[in-house]
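Asker: the following block contains a protein sequence and its predicted model.
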Amino acid sequence: MLEPLVFSIASYDHLADAITKAAGWERGSVARTHFPDGERYLRIETDPADRDVVIVAGTVDDPATLELYDLACGCVTAGAYRLRIVIPFFGYSTMERSVRYGEIVTAKTRARLLSSIPMASRGTQVFMLDLHVESIGYYFEGGIRPIHVYGKPLVMAAARRLAPAGLVLASTDAGRAKWVESLANDLQCDVAFVYKKRLGGAQTEVTGVSAQVAGKHVVIYDDMIRTGGSLIAAAQAYKDAGAAQIDAIATHGVFPGDSLDRLRRSGLFGHIATTDSHPRSVALHCDFLQVDSTAELLCEHLKSNR
C-alpha cells in the first residue's frame, strides 16, 4: 500500500513540508492562481486516486477555510480512499456559543460546512489541536470523525526550556485555571491565577493573584494569544505581586497587527513561546518569539489513527 499523500493550503505549506519530512510520506502538489476578478483557481497536480490523503489547513480566515473545502472536495472526487484533515488552528472557536439574541455560532456553522465535504470511501477524520473549547468537536456532523490533539507535551517542553531552574505556571484568568493546574501537576510546579472583576461590557479589572509569586519565575499559559491585552494585564498583576521574571506560552499565536510589538514594548516578558499552528507566528519568529514545531506531535496522532 502506498504511503499517505500530504497536501496543504498555501498558508500551511510550512507545516505540511515538516509533517511530510517527519513521517517520510509523499508531498502532494497543488497549482494555485487567481483570475483577474479575484476568483481562485486550484488544480491537484498529484493524483490522489486510491490514496490515503492528508490535508494540512488551518481555518485562519474565510479564504483559507474555502481553500480547504475546495481542496478536500477535489481530493475525494478524484478518488482518495481516505481523507484526514489536519486543522492546527480552528479559527472560529471563540464564537462557540451565543450569548445575545441573534448571535451566529460561527464555530458550528464552519463545522457544518466542513462536514458537507463528500465522505471518502474509508472515512474522513479531522484532527484539531488544542481547541479553545473541547465541545467544538461535537459540532461536526455525519460520518466525519473529529480527533482532539492535546498540545501538552509541547507546552511542557517550552515551560522547561524557558524556566529550567523552576517556575510557577500561571493563567490569565480563573477560567483557564483547571487546565493550567493539570499542566502544573505534570510539571510538578506551583500554579497561580489572577482574579478579575467585570466592570461592564468586555472591560475587566484584575483584583488579585491566587498564589505567592514573589521572587519566582512565572510562566503564563493560555491556549491562544491574539491582541495580548489579557496577557499584559495578567503579567502586570504578577509583576506587581513580586514576580522576578515573566514569560508566556500559548499553543496558538495569532498576533494581528502590531500585537507582538505591543507585548514586547510592555517590558513585562522575557520571551513568548508558541507553536507553528498559525502562520502568523511562523512569519513573526524572532528571538523574542520562540516557535515550536507541531509536526512530530501531529505525525504521532496521524500514524496512531490509521
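Answerer: Nice, I can see it. Residues are numbered from 1 along each chain as shown.
Asker: buried set for the helix or strand hosting A107?
Answerer: For A107, the host element (DSSP states H and E) is helix 106-115. Buried residues in helix 106-115, counted by 16 or more other C-beta atoms under 10 Å: A107, K108, R110, A111, L114, S115. C-beta coordinates here come from the backbone N, C-alpha and C atoms, glycine included.
Asker: for the third one, give me the pLDDT.
Answerer: Same thing as R110. With respect to pLDDT, R110 scores 94.
Asker: which ones are touching it?
Answerer: Residues counted as contacts of R110 (C-beta atoms under 8 Å, 6 or more residues apart in numbering) are T59, T65, F90, G91, Y92.
Asker: over to the last one?
Answerer: For S115, the contact set (C-beta under 8 Å, 6+ apart) comprises F140, E141, G142, I144.
Asker: send the alpha carbons of stretch 144-152 over as PDB?
Answerer: Provided in PDB are the C-alpha atoms of stretch 144-152 (Å, rounded to 0.1, in the frame of the first residue of the first chain):
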ATOM      1  CA  ILE A 144     -16.800  12.700   9.900                       C
ATOM      2  CA  ARG A 145     -14.700  11.700  12.900                       C
ATOM      3  CA  PRO A 146     -13.200  14.600  15.000                       C
ATOM      4  CA  ILE A 147     -10.000  13.900  16.900                       C
ATOM      5  CA  HIS A 148      -8.800  16.400  19.500                       C
ATOM      6  CA  VAL A 149      -4.900  16.600  19.700                       C
ATOM      7  CA  TYR A 150      -3.600  17.900  23.000                       C
ATOM      8  CA  GLY A 151      -0.500  20.100  22.800                       C
ATOM      9  CA  LYS A 152       0.500  19.400  26.400                       C
END
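Asker: show me the contact partners of it.
Answerer: Here stretch 144-152 has contacts from 114-115, 117, 119, 123-131, 134, 137-138, 140, 182-183, 186, 251, 275, 277, 294, 297-298, 301, 305, using C-beta under 8 Å, 6+ apart.
Asker: looking at the buried residues of helix 106-115, which is nearest A18?
Answerer: When the buried residues of helix 106-115 are compared for distance to A18 (C-beta to C-beta), L114 comes out closest, at 23.0 Å.
Asker: just give me how far stretch 281-299 sits from the chain centre.
Answerer: Centroid displacement of stretch 281-299 relative to its chain, using C-alpha atoms, centre = their mean, to the nearest Å, is 11 Å.
Asker: same question, stretch 103-123
Answerer: That offset, for stretch 103-123, works out to 18 Å (C-alpha atoms, centre = their mean).
Asker: now the end-to-end length of that stretch.
Answerer: Distance across stretch 103-123, first residue to last, is 33 Å (C-alpha to C-alpha, to the nearest Å).
Asker: pLDDT weak spots in the stretch 101-250 of the chain?
Answerer: Residue ranges of the stretch 101-250 of the chain with pLDDT under 70: 174-175, 195-211.
Asker: element containing V6?
Answerer: strand 5-8.
Asker: so how far is V291 from T20?
Answerer: Per C-beta to C-beta, to the nearest Å, T20 is found 19 Å from V291.
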